[in-house]
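**Q** this is a predicted model, with the sequence first.
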Amino acid sequence: EAGVTQFPSHSVIEKGQTVTLRCDPISGHDNLYWYRRVMGKEIKFLLHFVKESKQDESGMPNNRFLAERTGGTYSTLKVQPAELEDSGVYFCASSQDEIGQLEQYFGPGTRLTVT
Amino acid sequence: SQQGEEDPQALSIQEGENATMNCSYKTSINNLQWYRQNSGRGLVHLILIRSNEREKHSGRLRVTLDTSKKSSSLLITASRAADTASYFCATASMDSNYQLIWGAGTKLIIKP
């Protein structure tokens, strides 16, 4: 069984540019989560999809971030326009379970560097 | 919002020794989970302990949970070089809509 995959593994962009991160969850997992770890800080929740619906997007930092999960399969996270403070590692996770009772399976992360 | 806090921030021990990491949190929880991250890799789930459980074992891992003190510990016995990684605790609770709330992590180095 393939695990959670993320693309790209690393992205370097200039301030003001747009970047789109992609996450492919484990097949059959309805729940998809995005997290971010900014350098030197703890991992922070961004949002949670159940199938194609946003269950909880309370962690999204501002309206420069847009997440989608059309068709309830893969998800994209777009940052437009990127700012320096957006640099960090963006993790995606998927789970069969909606209420945090079971483990979440994480992808390798996308390291975003905004210069 | 609640936040898990691990201590120590960094731990360096000899191979074969036991490593203990602690996590404290601030509000009531449904469960607490420990994850490992090897350098440059994703997070790997290690163990989940529910709020009504006090101790769980998985191989060389032993996790305890003290809800009265709002703390948990992760013990790795007979450490190996491959255990070198960062270890994170994360809590889930109904109050936080079951989001995982993470600690800053403990960086564990096992010296050969």
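**A** Received the coordinates, thanks. Residues are numbered from 1 along each chain as shown, chains lettered A, B, ... in the order given.
**Q** check contacts around the residue nearest to B:Ala19 when sequence neighbours are not counted.
**A** Using C-beta to C-beta, 6 or more residues apart in numbering or on different chains and skipping the chain neighbours, the partner closest in space to B:Ala19 is B:Ile76 (4.5 Å). No exception for glycine: its C-beta is placed from N, CA and C like everyone else's. Residues counted as contacts of B:Ile76 (C-beta atoms under 8 Å, 6 or more residues apart in numbering or on different chains) are B:Asn18, B:Ala19, B:Thr20, B:Arg60, B:Leu61, B:Asp83, B:Leu108.
**Q** so which of the residues you listed comes closest to A:His29?
**A** B:Leu61 (24.5 Å; C-beta to C-beta).
**Q** beta partners for that closest one?
**A** Counting by DSSP bridges, B:Leu61 is bridged to B:Ser58, B:Ile76.
**Q** confidence score at it?
**A** Listed pLDDT for B:Leu61 reads 97.
**Q** who in chain A is up against chain B?
**A** A:4, A:33, A:35, A:41-45, A:48, A:56, A:58-59, A:91, A:93, A:98-109 (C-beta under 8 Å from any C-beta of the partner chain).
**Q** mind giving me the ChimeraX select for the residues you listed, buried ones only?
**A** Buried members of the residues of chain A next to chain B, defined by 16 or more other C-beta atoms under 10 Å in any protein chain shown, are picked up in ChimeraX with:
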select /A:4,33,35,42,43,44,45,48,56,59,91,93,100,102,103,104,105,106,107,108,109
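**Q** and the one helix or strand in chain B whose mean pLDDT sits lowest, which strands flank it?
**A** Lowest on mean pLDDT, DSSP states H and E among the helices and strands of chain B sits strand B:5-7, with a mean of 76. Strand B:5-7 sits in its sheet next to strand B:19-24 (antiparallel), going by DSSP bridges.
**Q** can you list the weak-confidence ranges in chain B?
**A** B:1-4, B:97 (pLDDT under 70).
**Q** so where do the strands sit in it?
**A** Counting by DSSP state E, chain B has strands at residues B:5-7, B:10-14, B:19-24, B:31-37, B:43-50, B:55-58, B:61-66, B:71-76, B:85-92, B:101-102, B:106-111.
**Q** same check on chain A?
**A** Assigned by DSSP E, chain A shows strands spanning A:5-7, A:10-13, A:19-24, A:31-37, A:43-50, A:53-56, A:65-68, A:75-79, A:88-95, A:105-106, A:110-114.
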